[in-house]
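Engineer: Sequence plus the predicted model coming up.
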Number of protein chains: 2
Amino acid sequence: MNAEIAEIAEKPERKQQQRSVVTQQKLLDAAIEAFSENGFKGTSTRDIADRAGVHHPLITYHFKNKDQLWRAATDRIFRDFNISLVKAMAEIPDAEPKAKAEAFVRTYLHYSRSQPALHRIILQEANGEHERMQWLTDNPLRPMFDEVHKALANLQSIGVAPQGSPAMLFNMIRVCAGGLIALKLELKSTSNIDLDSDEQIAELGDLIIRVFFPGDPPKIN
Amino acid sequence: MNAEIAEIAEKPERKQQQRSVVTQQKLLDAAIEAFSENGFKGTSTRDIADRAGVHHPLITYHFKNKDQLWRAATDRIFRDFNISLVKAMAEIPDAEPKAKAEAFVRTYLHYSRSQPALHRIILQEANGEHERMQWLTDNPLRPMFDEVHKALANLQSIGVAPQGSPAMLFNMIRVCAGGLIALKLELKSTSNIDLDSDEQIAELGDLIIRVFFPGDPPKIN
DNA sequence: AAATTTTTTTCCAAAGTGGACTAGTTCCAA
DNA sequence: TTGGAACTAGTCCACTTTGGAAAAAAATTT
């Protein structure tokens, strides 16, 4: 009967404890690992909690449910990648377009190696018409892609990148980096390629650049 | 006490019924679909049976268990691909190396489109140190790769393919084809690319060839 | 019709599922 | 230092799913 008039809801606002952010991080790390290995359906909350070394009801406490945990985990992957990318670009603020593209490729490669889930999570969700795939495209993916497509079109216009659909070209580059790293276990035994080694990662980067950006950049002055 | 002396095991050998090969095919098709979507762990035998429209104990009857079914399904994918490949090559028995490479790329693209599991199944197993991955590399993969690496090295020596590790180069080509098709659902919404369309598949083929085989083939005489 | 292959139907024991709930502990703020 | 909030541990639950066994029924071949 008596209406809840706590509309303005003065919050006491006590700060989050340190140990809590630690468990959240542990859970996120474990979730990223598990989801990228076995997909959403193939992963149980208990598996995640075990990997994190944490009691499984803590997932409910910190993330409400499995779905929210997936979102938080995915969000973290792409957010971190974006940070790496921004940082790398900030180091070469007025480089030529080609040099920037090279930096992009190498940053993507290095981040993918430390976090192969960047590509794998997408692959796991690209199998059916899940709402999770929708969320991925709407949130981290399409905005980033649109930007990169433009940069690539520019590279084509100055003769650095080969002609053809920029979108197609970008996705080719993307799978050559992230897609190959997602296969690194296979590559080790089928092709004697060890993408955990710095040398071979660098070699892959060189190859990608040589193949996809064969043109010489026009001199600035 | 009385030893089983049926060593030579004269088999009456009654012929397999037609309906049985049909259900086997249905089960294999369903298994390929399910395993490539959800991985081995994420797939239940009941799910497979449902997709096949068949009672689930038939899996035990025809394939002994889930593991054997996976092997049979995987075997079929690669066997069929090999058949497509041999057929395509037989049509151009004395073409130049570059033309053969182009035929390879296009065949791989077309087969991947009709059977995206060719790449997806590998990806599903490349996530941990499973014995299934071992089986994949030992049986269908490495033999095929070794051969292709050689052909690619030859293309490099005649200046058609760019320099660099042939193995790395081959795997780049491979993911540009199969890896992109495995992502086709994502590409549709992030990049407006529809890899179910003949035109865009052809465009991708052109692009791969232009990027990875930029050199002109030397004239034969 | 007999023999055998294939399918149907039923069953099981075990494990795993996501999540609710309570009691206890640790920490922050006054 | 103490009240209360943030956090964790530990149980529990109702339910589904798991892979596979086993027996009975049906369909085909010989």
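Structural biologist: Looks like it came in fine.
Engineer: So whichever residue of chain A sits closest to chain B: helix, strand or coil?
Structural biologist: Using Cβ to the nearest Cβ, the single residue of chain A nearest to chain B is residue A:42, 3.0 Å away. To be clear about C-beta, it is placed using only N, CA and C from the backbone, and glycine gets the same treatment. Counting by DSSP: H, G, I helix; E, B strand; the rest coil, the backbone at residue A:42 sits in coil.
Engineer: My guess is it contacts residue B:35. True?
Structural biologist: No. Assessed by Cβ atoms under 8 Å, residue A:42 is found out of contact with residue B:35, at 11.2 Å.
Engineer: quick one, which of these two is more surrounded?
Structural biologist: residue B:35 (27 against 18; other Cβ atoms under 10 Å in any protein chain shown).
Engineer: Tell me the spacing between the closest residue to the more buried one other than its chain neighbours and residue B:49.
Structural biologist: In this structure, residue B:35 finds its nearest non-sequential neighbour in residue B:43, 5.4 Å apart by Cβ to Cβ, 6 or more residues apart in numbering or on different chains. To residue B:49, residue B:43 is 11 Å away according to Cβ to Cβ, to the nearest Å.
Engineer: Comparing the two, which shows the higher neighbour count?
Structural biologist: Higher neighbour count among residue B:43 and residue B:49: residue B:43, with 24 against 21, using other Cβ under 10 Å.
Engineer: Pretty sure residue A:205 sits against residue A:107.
Structural biologist: No. Using Cβ under 8 Å, residue A:205 is not in contact with residue A:107; the gap is 9.8 Å.
Engineer: and residue A:117, how many neighbours?
Structural biologist: When neighbours are counted by other Cβ under 10 Å, residue A:117 registers 24.
Engineer: tell me the contacts of the residue most central in space within chain A?
Structural biologist: For chain A, residue A:118 is the residue whose C-alpha lies nearest the centre (Cα atoms, centre = their mean; 3.3 Å). By Cβ atoms under 8 Å, 6 or more residues apart in numbering or on different chains, the residues touching residue A:118 are A:77-78, A:81, A:111-112, A:178.
Engineer: how about 7 Å then?
Structural biologist: Shown in contact with residue A:118 (Cβ atoms under 7 Å, 6 or more residues apart in numbering or on different chains): A:77, A:81, A:111-112, A:178.
Engineer: Next, format those as JSON lines and append secondary structure and pLDDT.
Structural biologist: Below are the contacts of residue A:118 laid out as JSON lines (DSSP: H, G, I helix; E, B strand; the rest coil; pLDDT from 0 to 100):
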{"residue": "A:77", "secondary structure": "helix", "pLDDT": "97"}
{"residue": "A:81", "secondary structure": "helix", "pLDDT": "97"}
{"residue": "A:111", "secondary structure": "helix", "pLDDT": "98"}
{"residue": "A:112", "secondary structure": "helix", "pLDDT": "98"}
{"residue": "A:178", "secondary structure": "helix", "pLDDT": "98"}
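Engineer: I appreciate the help and will end here.
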